[in-house]
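Novice: Here is a sequence together with a model predicted from it:
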Amino acid sequence: MELELRVQEKSKASAAMNVSRAYYSSPLCKFLDSSKDSVLGELARNSGFAIELSQRDAWIRQIAVLQEQLTTWSSSGHIFLEFVVPRMGRRIDVLVIIQNAILVIEFKVGESTFTRAALDQVWDYALDLKNFHEPSHGVTIAPILIATKADEGFSAVAASHHNDGVLMPIKSGSNSLRACIEQVLWLSEGPNIEAESWVLGRYKPTPTIVEAASALYGHHSVADLSRSDAGAKNLSVTSATVDRVIEAARSQRKKAICFITGVPGAGKTLVGLDVATKHMDASSDLHSVYLSGNGPLVKILCEALTRDEVARARAKNQRLRVGETRKSVELFIQNVHHFRDAYLVDMRAPVDHVVIFDEAQRAWTLEQTSKFMAQKKGQNNFNRSEPEFLISCMDRHQDWAVVICLVGGGQEINTGEAGISEWLRAIERHYPSWEVHVSPHLTDSEYAATEAIASLQQHAQVVFDEGLHLAVSMRSFRAEHVSTFVKHLLDRDKARASEALEAVRQRYPIVATRDLSKAKHWLKSQARGTERYGIVVSSQAERLKPHAINVRSPMDPVHWFLDEKDDVRSSYYLEDVATEFHVQGLELDWACVVWDADFRVGPDGWRHHQFVGNKWQKIHKAERQLYLKNAYRVLLTRARQGMVIVVPPGDPEDPTRDAAFYDPIFHYLLEVGVSSL
């Protein structure tokens with residue numbers, strides 16, 4: 001009986017290998033004995049769409065090369081053709097497991113050169129497996145690019161300085177693959193890989209917000225994107241909690257508001273996008289819309305989704321008009337101010353029964369809203385804060401409505417941002433019949449909402465639900481608690497900052513330097529494949545001009561975040577810089593934070609400054625001091641894999657760049673334990 005069960009399990013595993021992860025999967029011995037037509041037939045059958053002649057011919061050429069070059073390992077190993085990489089939404093041409101190594105092979109059929117884009121592509125595939133596929137963490141992975149018309153031979157097989165088992169990309173001709181593999185196996189260490197258990201191992205991706213939005217818009221669920229390890233709270237728990245609130249409101253014909261909290265990078269935006277993408281059908285009474293006051297984020301996501309939809313259609317031999325695609329995307333993701341302005345004019349209930357407000361703490365105060373309405377909209381007697389007005393729009397529904405507020409702690413960075421208390425006060429004063437679902441962590445100090453919650457509980461039904469809090473950052477898949485280090489660093493708690501830094505430094509390098517050119521070199525040396533890097537600075541960093549950094553120089557965040565290495569407007573060029581307003585809610589793989597004299601280390605705390613005219617002036621207002629501190633919190637939590645902090649040396653001939661402004665900052669970083677580059 002036990003033998004029969006093991007056979008059944010093995011059969012299931014083999015079936016899974018052949019169906020879910022690749023168009024073709026086979027032990028090498030079977031592949032080498034199969035005819036080209038039978039392999040081609042299985043590829044075509046599992047692809048699920050019509051095969052163009054160019055694709056068919058490319059597959060035939062690949063099969064021929066592989067069957068000729070892999071004969072040495074006919075008694076062992078496994079081969080996958082068109083192996084799916086879920087996070088990237090792409091397929092690896094060939095993945096071969098031989099002994100203790102994984103070979104990630106990308107073919108460029110008919111090509112004689114090795115382009116940087118192609119090398120980055122195969123490198124990205126290898127890195128994705130290393131970072132997100134659990135059985136691949138401790139094995140050697142070799143990215144190999146084959147140009148079928150290139151001169152024979154192959155480039156050096158070498159490990160990278162990251163020392164994580166991913167080799168440097170290898171360039172090879174068709175007839176050199178066998179010799180190349182022999183070199184890879186000579187470098188590889190560790191036990192042999194069991195293909196069947198390897199392919200069934202957990203894939204735990206941590207996508208960027210742009211990748212996640214694209215996947216969700218392409219009808220994946222948040223469960224496909226969230227990690228399932230014990231150290232990270234599964235995003236699907238929070239998403240399911242919100243789903244229950246929505247369903248209860250709809251079935252019981254009531255109105256509810258949810259407050260979701262989380263540390264920077266925990267996935268609040270993913271939860272919001274997940275809810276919105278589940279209900280994109282405008283004819284459904286569950287129709288929802290994702291709103292954000294973060295202009296750069298909205299523009300970047302809309303452009304990314306538009307490009308992705310057009311590319312997806314092109315891959316299926318379909319044509320989409322870019323303009324029409326962009327319009328449909330913009331119905332799904334909108335700027336909150338456009339939504340507000342529309343319902344200032346239209347007094348009917350919104351078409352949406354569910355509205356998600358991202359970064360709800362950034363909604364405007366009564367004073368800021370009134371000032372804007374008087375100056376820009378000609379409404380001199382407008383007497384509602386932005387949260388109160390937005391709730392009033394949803395309250396127009398006669399049956400039911402749900403407002404979902406995604407809340408970041410310590411994220412207010414601009415004048416007139418109300419914080420989350422204004423939402424709570426609006427419910428208490430004007431909408432006490434609304435049911436309130438609150439993360440218990442909303443009482444934490446960084447949300448500044450304790451008094452407002454206590455007052456609200458006297459007038460409305462408040463339900464505390466731990467499922468509405470995301471406790472662990474998902475931004476950094478290498479070290480989840482970078483935000484904890486940044487919090488202690490900005491709180492001037494040296495001991496706890498040092499302790500947090502020690503916990504992350506092995507997998508998440510944080511270094512400091514006085515030399516911007518060194519920092520740029522470090523960024524480029526750390527990044528592999530298309531890992532994105534860039535320079536970020538405070539919007540108050542006015543005295544970085546001698547370093548060719550001008551915060552007032554216009555930059556386009558869409559090009560900066562989305563364009564490739566050959567575009568001078570992209571972050572890769574390290575020419576244009578982004579401020580906290582450009583990067584809030586987004587992320588880089590590697591970041592260079594240049595620290596100016598606007599935020600200085602004093603003997604008893606931070607010193608806050610702005611540059612006015614030709615000199616620095618102290619910032620006295622507590623509110624504006626908080627905005628500046630939060631700006632650096634945003635900048636220091638943007639990187640997924642590591643960062644370099646540049647503190648300029650100053651200039652004795654320039655009183656606006658006195659070394660006394662900068663030296664204490666650098667020394668503080670060293671005292672905390674940050675390594676000097």
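Specialist: Perfect, thanks for sending it.
Novice: longest single helix anywhere in the protein?
Specialist: Using DSSP state H, we find that the single longest helix of the chain is helix 295-315.
Novice: now for it, which elements pack on it?
Specialist: helix 209-217, helix 322-332, strand 333-335, helix 557-562, helix 580-583 (3 or more CB pairs under 8 Å, 6 or more residues apart in numbering; DSSP states H and E). Glycine gets a C-beta too; all of them are placed from N, C-alpha and C.
Novice: repeat that for 6 Å
Specialist: helix 209-217, helix 322-332, strand 333-335, helix 557-562 (3 or more CB pairs under 6 Å, 6 or more residues apart in numbering; DSSP states H and E).
Novice: Quick check: mean pLDDT of the last one?
Specialist: Right, the one you point to is helix 557-562. For helix 557-562, mean pLDDT rounds to 94.
Novice: what do you get for the third one?
Specialist: On average, the pLDDT along strand 333-335 is 87.
Novice: Output the contacting helices and strands for that strand.
Specialist: Against strand 333-335 (3+ CB pairs under 6 Å, 6+ apart) you get strand 288-292, helix 295-315.
Novice: For D444, find the nearest of the ones you listed.
Specialist: strand 288-292 (22.7 Å; CB to CB).
Novice: Let me see the residues that make contact with the closest one.
Specialist: Identification of contacts with strand 288-292 by CB atoms under 6 Å, 6 or more residues apart in numbering yields 272-273, 276, 279, 298, 333-334, 336, 339, 352, 354-358.
Novice: least confident pick among those?
Specialist: H279 (69).
Novice: ok, and the closest non-adjacent residue to A50?
Specialist: Leaving aside its chain neighbours, A50 sits nearest to N317 (7.3 Å; criterion: CB to CB, 6 or more residues apart in numbering).
Novice: tell me which element A118 is part of?
Specialist: Per DSSP states H and E, A118 falls inside helix 116-132.
Novice: Could you tell me which residues within that helix count as buried?
Specialist: The neighbour-count check on helix 116-132 (16 or more other CB atoms under 10 Å) flags 118-132 as buried.
Novice: Which SSE is immediately downstream of it?
Specialist: According to DSSP H and E, the helix or strand after helix 116-132 is strand 140-147.
Novice: which parts of the helix or strand following that following strand are buried?
Specialist: Downstream of strand 140-147, the next assigned helix or strand under DSSP H and E is strand 170-172. By neighbour count on 16+ other CB under 10 Å, the buried set for strand 170-172 is I170, K171, S172.
Novice: can I get those residues in CSV with distance to S112 and pLDDT?
Specialist: Formatted as CSV, the buried residues of strand 170-172 follow (distance: CB to CB, whole Å; pLDDT from 0 to 100):
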residue, distance to S112, pLDDT
I170, 17, 97
K171, 11, 96
S172, 13, 96
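Novice: Quick one: mean pLDDT for the helix or strand harbouring E196?
Specialist: Using DSSP H and E, E196 maps to helix 195-199. Averaged across helix 195-199, pLDDT comes to 92.
Novice: Pass me the low-pLDDT residue ranges in the chain, would you?
Specialist: For the chain, applying pLDDT under 70 flags the ranges 1-20, 87-89, 218-234, 264-265, 279-286, 315-316, 409-418, 445-448, 460, 472-480.
Novice: Which residue is the nearest non-sequential neighbour of the most centrally placed residue in it?
Specialist: Closest residue to the average C-alpha location of the chain: T208 at 1.8 Å, with CA atoms, centre = their mean. Among residues not flanking T208 along the chain, E587 sits closest, at 5.7 Å (CB to CB, 6+ apart).
Novice: Out of the helices and strands packed on strand 333-335, which gets nearest to L43?
Specialist: When the helices and strands packed on strand 333-335 are compared (using CB to CB), the closest one is helix 295-315, at 15.8 Å.
Novice: centre of the chain versus the closest one, how much separation?
Specialist: In terms of CA atoms, centre = their mean, to the nearest Å, the centre of helix 295-315 is found 15 Å from the chain centre.
Novice: residues near H459, how many?
Specialist: Close neighbours of H459, defined as other CB atoms under 10 Å, add up to 13.
Novice: sorry, back to before: what about the residue nearest to the centre of the chain, distance to W522?
Specialist: Distance from T208 to W522, counting by CB to CB, to the nearest Å: 21 Å.
Novice: for E196, same thing?
Specialist: For E196 relative to W522 (CB to CB), the value is 41 Å.
Novice: So for these two, which sits in the more crowded spot?
Specialist: W522 (22 against 15).
Novice: Quick check: closest non-adjacent residue to that one.
Specialist: According to CB to CB, 6+ apart, the nearest residue to W522 is V644 (5.1 Å).
Novice: isn't there a strand covering the one you found?
Specialist: Yes. Assignment of V644 by DSSP: H, G, I helix; E, B strand; the rest coil places it within a strand.
Novice: How about the contacts made by it?
Specialist: Counting by CB under 6 Å, 6+ apart, V644 has contacts V511, A519, W522, C592.
Novice: How about I391?
Specialist: I391 touches A426, Y431, counting by CB under 6 Å, 6+ apart.
Novice: List the buried residues in whichever strand or helix holds L95.
Specialist: In this structure, L95 is located in strand 90-98 according to DSSP H and E. Within strand 90-98, the residues that count as buried by 16+ other CB under 10 Å are R91, I92, D93, V94, L95, V96, I97, I98.
Novice: As CSV, those residues with distance to T241 would be great.
Specialist: Formatted as CSV, the buried residues of strand 90-98 follow (distance: CB to CB, whole Å):
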residue, distance to T241
R91, 35
I92, 36
D93, 41
V94, 42
L95, 38
V96, 43
I97, 40
I98, 46
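Novice: From Q625, how far off is the residue nearest to W522?
Specialist: 26 Å.
Novice: what does L270 give?
Specialist: 31 Å.
Novice: can you pull the contacts of T241?
Specialist: G467, L468.
Novice: Which helix or which strand is home to it?
Specialist: Assigned by DSSP H and E, T241 falls in helix 235-252.
Novice: neighbours around S112, how many?
Specialist: 11.
Novice: my bad, S38
Specialist: There are 13 residues near S38, going by other CB under 10 Å.
Novice: just V237 next, same as before
Specialist: 17.
Novice: Ignoring the adjacent residues along the chain, who's closest to it?
Specialist: Spatially, and ignoring its direct neighbours in sequence, V237 is nearest to G467 (5.6 Å; CB to CB, 6+ apart).
Novice: try H608
Specialist: With CB to CB, 6+ apart, the residue lying closest to H608 is I619, at 4.0 Å.
Novice: do you know how far the one you found is from V577?
Specialist: 22 Å.
Novice: Could you do Q641 as well?
Specialist: Note on Q641: its distance to V577, by CB to CB, is 19 Å.
Novice: on that earlier part again, among the buried residues of strand 170-172, which one lies nearest to R528?
Specialist: Among these, and counting by CB to CB, the member closest to R528 is I170, at 13.9 Å.
Novice: I'd say that closest one and A147 touch.
Specialist: No. I170 lies out of contact with A147 (CB atoms under 6 Å); the separation is 11.7 Å.
Novice: Relative to E623, how far out is the residue nearest to the centre of the chain?
Specialist: 32 Å.
Novice: tell me the secondary structure for A256?
Specialist: Assignment for A256 (three-state DSSP): strand.
Novice: Just give me the neighbour total for it.
Specialist: 21.
Novice: Tell me what it is bridged to.
Specialist: Assessed by DSSP bridges, A256 has beta-bridge partners V402, E435.
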